[in-house]
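Peer 1: Generate a structure from the sequence data that follows.
(chains A and B)
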Amino acid sequence: AQSVTQPDIHITVSEGASLELRCNYSYGATPYLFWYVQSPGQGLQLLLKYFSGDTLVQGIKGFEAEFKRSQSSFNLRKPSVHWSDAAEYFCAVGAKEYGNKLVFGAGTILRVKS
Amino acid sequence: ETGVTQSPTHLIKTRGQQVTLRCSSQSGHNTVSWYQQALGQGPQFIFQYYREEENGRGNFPPRFSGLQFPNYSSELNVNALELDDSALYLCASSLGGGTLNSPLHFGNGTRLTVT
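Peer 2: As a prediction, this is how the structure comes out:
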């Protein structure tokens, strides 16, 4: 069965500092990997996704993620965090063998201090 | 382009009651997925509708049911509400009966509280 682990429940970074949010997945086949962001009172917005090709994926808002098959990881990064990046971030995995569902991690809440 | 809209935004129900949540998909999208997000957790897949048929279901009991209409809007119905059904219910639309190749566009959700 698919599963997604986001080890950090909360992360606090200073504005302008770099950011890395961790995501590990458990899955036997070729996964489709996603990062979503959720601001308070809002739905989820897709930041980026990976299925194949270049393992470094660029997304919106200056985010990128790197797929590492050997580590079953898909960590999200941003070189310089802005106060508006404060939100909750969710990693998700899907696969054709499991139909049309995405399995989400429990999320990481990002706080940005000025 | 009209995004995904959900109604109502908030709802309070009593245990044992029934509830209907509504979703209008983004313009041009023919597929609707429903997710339940309990407090402090990630969203969990309930089911997906494509061409008015259920097109995949997660581990939710039969008292969770849905409909999709010819205009691609959708309803989520929950019977015999339990306290654990309290959650944010998210609707997401996409294209072509898929999720993996067509990005999900989420609405802002309906917050259901069961007392």
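Peer 1: ok, now which ones touch the closest residue to A:H82 other than its chain neighbours?
Peer 2: Once flanking residues are discounted, A:H82 sits nearest to A:E15: 6.5 Å by CB to CB, 6 or more residues apart in numbering or on different chains. Yep, even glycine has a C-beta here, placed from its N, CA and C like the rest. Residues near A:E15 by CB atoms under 8 Å, 6 or more residues apart in numbering or on different chains: A:V81, A:H82, A:W83, A:V112, A:K113, A:S114.
Peer 1: quick one: which of the residues you listed sit in helices?
Peer 2: Among these, none falls in helices (DSSP state H).
Peer 1: Relative to chain B, which of these is nearest.
Peer 2: Set against chain B, the nearest of the contacts of A:E15 by CB to the nearest CB is A:V112 (20.4 Å).
Peer 1: Can you say which of the contacts of A:E15 are buried?
Peer 2: A:V81, A:V112 (16 or more other CB atoms under 10 Å in any protein chain shown).
Peer 1: Taking the contacts of A:E15, tell me the two that lie furthest apart.
Peer 2: The most widely separated members of the contacts of A:E15 are A:H82 and A:K113, with 12.1 Å between them, by CB to CB.
Peer 1: neighbours around the nearest residue to B:G40 once chain neighbours are set aside, how many?
Peer 2: Excluding its sequence neighbours, the residue lying closest to B:G40 (CB to CB, 6+ apart) is A:A106, at 7.2 Å. Applying other CB atoms under 10 Å in any protein chain shown, we find 15 residues neighbouring A:A106.
Peer 1: isn't there a strand covering A:A106?
Peer 2: No - counting by DSSP: H, G, I helix; E, B strand; the rest coil, A:A106 falls outside a strand, being coil.
Peer 1: Now for it: which residues touch it?
Peer 2: Counting by CB under 8 Å, 6+ apart, the residues that A:A106 touches are A:Q6, A:I9, B:G40, B:Q41, B:G42.
Peer 1: same question, B:F60
Peer 2: B:Q36, B:I46, B:F47.
Peer 1: Mark which of those are part of helices, please.
Peer 2: Using DSSP H, none of these sit in helices.
Peer 1: Columns pLDDT, distance to chain A and neighbour count on top of those, output as CSV?
Peer 2: Converted to CSV, these look like this (pLDDT from 0 to 100; distance: CB to the nearest CB, whole Å; neighbours: other CB atoms under 10 Å in any protein chain shown):
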residue, pLDDT, distance to chain A, neighbour count
B:Q36, 98, 11, 23
B:I46, 97, 9, 23
B:F47, 96, 9, 21
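Peer 1: circling back: make CSV from the contacts of A:A106 and add pLDDT, neighbour count and secondary structure to it.
Peer 2: Formatted as CSV, the contacts of A:A106 follow (pLDDT from 0 to 100; neighbours: other CB atoms under 10 Å in any protein chain shown; DSSP: H, G, I helix; E, B strand; the rest coil):
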residue, pLDDT, neighbour count, secondary structure
A:Q6, 98, 19, coil
A:I9, 96, 11, coil
B:G40, 91, 10, coil
B:Q41, 93, 15, coil
B:G42, 95, 22, coil
